[in-house]
Every structure is written in C-alpha cells, then in structure tokens.
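*Asks:* with the sequence up front, the predicted model follows.
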Amino acid sequence: MPAIRPRPVAAGAALALAAATALLSGSATAVAGPPDPADPTAVVAPAGCTVNGTAVAGTVVTGTEGADEIDCPAGVPAGTVVSGGGGVDVITITGVNAGTVDGGAGTDLIGIDGGNTGTVTGGTEADIIDLSADAVANTGAVNGGAGADFISVEADDAGPGSVTGDADTDVCLFDAEPTGPADCEILA
C-alpha cells in the first residue's frame, strides 16, 4: 500500500484553522496591518515587541497562559499594554516604559532598562521587577501586586513615582533614596 502524503491544500487549511483557533481562544495576538492612508487618526502598531520570538504589533501585546518571553527592544509607548498572561513570564523592556506592563498570573520577571513613566504591575504571585535608568528611574507607578515581590530601582535618581509592594512581604531596593511614595515591608 502506498504511503499517504498530506496534500498541500489540506496542510495549508489545517494551518489556517490552527491559527484561527489560537486567535479566537486568546492564546495568540493578531498582528496589526499597515496604517489606513484614508484615516489619519488610525493608531499604528507602535510596540514592535516579540512574544516567544514572534513579532507582535499593535497597542495590545499579550502572552499565552503558559510561560512566555516577551521582548520590547524599543520601549513601550503610551497607550500600549503589555500583558504576560498566565504562567512564568520574562518581560524585557529596553527603553522607556510609557505604557502599561502587567505580568499577570504566575511568577514573573519584569526588566525595564530605560526608566518608567507609565504603570508596571507584577501580578498575582511573587514577582521580580527590575527597573533601571541612566537618569530618573521612575516617574510613573510600580506595584508588585499579590505575592512576596522583589522590586529593584537602580539609578542615580529613583524619581518621584510610586513604588508599592502591595500584599505579602515585599522587598524594595533603591540605589538612591526615592522621592515618591514607597510602600514595602522591607526597604533597603
């Protein structure tokens, strides 16, 4: 009996069905297309992030319910939301975060190298948030969320933004004395 080989059309249809299922289930994020020249107010995918190595454009960047690696090499612009979803996530922002970064459920590592003018939330479990900048590190809000969190603010000027550990025993480490509110069980 000859071997059965998948037909290219059937294989392509199966791939399209799998992609549509992932988008509808929320386990993947659609990539925005080019701007509409007829609509000058259209918002064009500014984030330029990757989720597990796949480019994602748009103002909403979402991981899966499993472990994810989210990388935003050009920062996160205002109006953009980066969410890790469930699982253990590693979120790396190179440049300023002016948007919203949320680790989501699971123990997450959020690293921002460029400062924060937006909002950073660890999520529902023990998280590590590492915020660094050459000048002022934080003029926005950093909240560890539920769980015993570790928040590190590394800069010559910690900035006037707020740093809150939230629930459980949280450790906040500052290179310079914060000028904004800092609410952690252990401050160093």
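*Replies:* Received the coordinates, thanks.

*Asks:* can you pull the contacts of Gly99?
*Replies:* 47, 76-82, 118-119 (Cβ atoms under 8 Å, 6 or more residues apart in numbering). Placement of C-beta: from N, CA and C, glycine included.

*Asks:* right, I mislabeled it, should have said Ile110
*Replies:* Neighbours of Ile110 in contact, by Cβ under 8 Å, 6+ apart: 91, 93, 101, 103, 120, 122, 127-130.

*Asks:* now, those that are in strands?
*Replies:* 91, 93, 101, 120, 128-130 (DSSP state E).

*Asks:* dump these to TSV, plus distance to Ala55 and pLDDT.
*Replies:* Output for these, formatted as TSV (distance: Cβ to Cβ, whole Å; pLDDT from 0 to 100):
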residue	distance to Ala55	pLDDT
Ile91	16	98
Ile93	16	97
Val101	18	98
Val120	23	97
Ile128	26	97
Ile129	25	97
Asp130	24	97
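
*Asks:* I'd like the residues you listed as JSON lines, with neighbour count and distance to Ala141 appended.
*Replies:* What follows is these, written out as JSON lines (neighbours: other Cβ atoms under 10 Å; distance: Cβ to Cβ, whole Å):
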{"residue": "Ile91", "neighbour count": "30", "distance to Ala141": "16"}
{"residue": "Ile93", "neighbour count": "27", "distance to Ala141": "15"}
{"residue": "Val101", "neighbour count": "28", "distance to Ala141": "11"}
{"residue": "Val120", "neighbour count": "30", "distance to Ala141": "7"}
{"residue": "Ile128", "neighbour count": "18", "distance to Ala141": "17"}
{"residue": "Ile129", "neighbour count": "28", "distance to Ala141": "12"}
{"residue": "Asp130", "neighbour count": "16", "distance to Ala141": "16"}
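
*Asks:* list just the nearest of those to Pro181.
*Replies:* Val120 (14.8 Å; Cβ to Cβ).

*Asks:* in the sheet, who's paired with that closest one?
*Replies:* When bridges are called by DSSP bridges, Val120 pairs up with Val101, Val142.

*Asks:* where's it relative to Gly161, distance?
*Replies:* To Gly161, Val120 is 10 Å away according to Cβ to Cβ, to the nearest Å.
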